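Engineer: Mind folding the following:
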Amino acid sequence: MEIVCSHCKTINRVPTERILDGPACGACKQPILPPEPVELTAANFDTVITRSGLPVVIDFWAPWCGPCRAMAPMYADAAKQLHGRAVLAKLDTEAHPNIAARFGIRSIPTLAIFKAGQEVAREAGARPAAEIVRWVSQSL
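Structural biologist: You can find the predicted model right below:
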């Protein structure tokens with residue numbers, strides 16, 4: 001399975017059975033899948049959603065959004081619970097409005113699940129960690 005390193009964006013091949021063993025990136029030697037959300041930017045967005053062998057769950061958010069800030073610790077908790085089953089990531093819609101517009105993000109926070117670059121599910125609104133984990137598990 002291919003996994004994009006969250007630190008240097010190198011694409012690594014990892015045997016599926018080793019995903020939970022904490023594999024390190026072949027280029028930067030950092031853990032490939034940290035148990036916290038990955039920050040997405042215009043530079044890495046397409047690579048992460050299209051080349052990841054795991055589903056990618058994106059929290060479209062903005063720093064000025066109260067519900068987004070309130071959900072951030074719950075999203076981080078969900079990332080720990082889903083570690084090895086999905087990559088949880090965040091995209092600041094204020095810093096990257098073109099990406100938000102490309103996917104028709106009209107309210108934040110919005111969560112979207114991508115598999116092989118294709119959006120497969122979407123939910124708008126802040127959610128507690130247990131609900132995020134349940135929704136992602138049901139959508140996979």
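Engineer: how close does the residue nearest to residue 53 when sequence neighbours are not counted sit to residue 47?
Structural biologist: Computed as Cβ to Cβ, 6 or more residues apart in numbering, the closest residue to residue 53 that is not its neighbour in sequence is residue 1, at 3.2 Å. The C-beta positions use only the backbone N, C-alpha and C, and glycine is treated the same way. Residue 1 sits 15 Å away from residue 47, going by Cβ to Cβ, to the nearest Å.
Engineer: and residue 122, how many residues sit next to it?
Structural biologist: By the criterion of other Cβ atoms under 10 Å, residue 122 has 15 neighbours.
Engineer: Which strand residues bridge it?
Structural biologist: residue 112 (DSSP bridges).
Engineer: Please list all residues in contact with it.
Structural biologist: 110, 111, 112, 113 (Cβ atoms under 8 Å, 6 or more residues apart in numbering).
Engineer: what does residue 37 give?
Structural biologist: 59, 75, 76, 79, 88, 89, 90.
Engineer: What average pLDDT does stretch 65-80 get?
Structural biologist: Average pLDDT, stretch 65-80: 97.
Engineer: all helices for the chain, in order.
Structural biologist: Here the chain has its helices, by DSSP state H, at 45-51, 66-81, 97-102, 129-139.
Engineer: Same list (those) but as JSON lines, adding mean neighbour count.
Structural biologist: Output for these, formatted as JSON lines (neighbours: other Cβ atoms under 10 Å):
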{"stretch": "helix 45-51", "mean neighbour count": "17"}
{"stretch": "helix 66-81", "mean neighbour count": "17"}
{"stretch": "helix 97-102", "mean neighbour count": "14"}
{"stretch": "helix 129-139", "mean neighbour count": "16"}
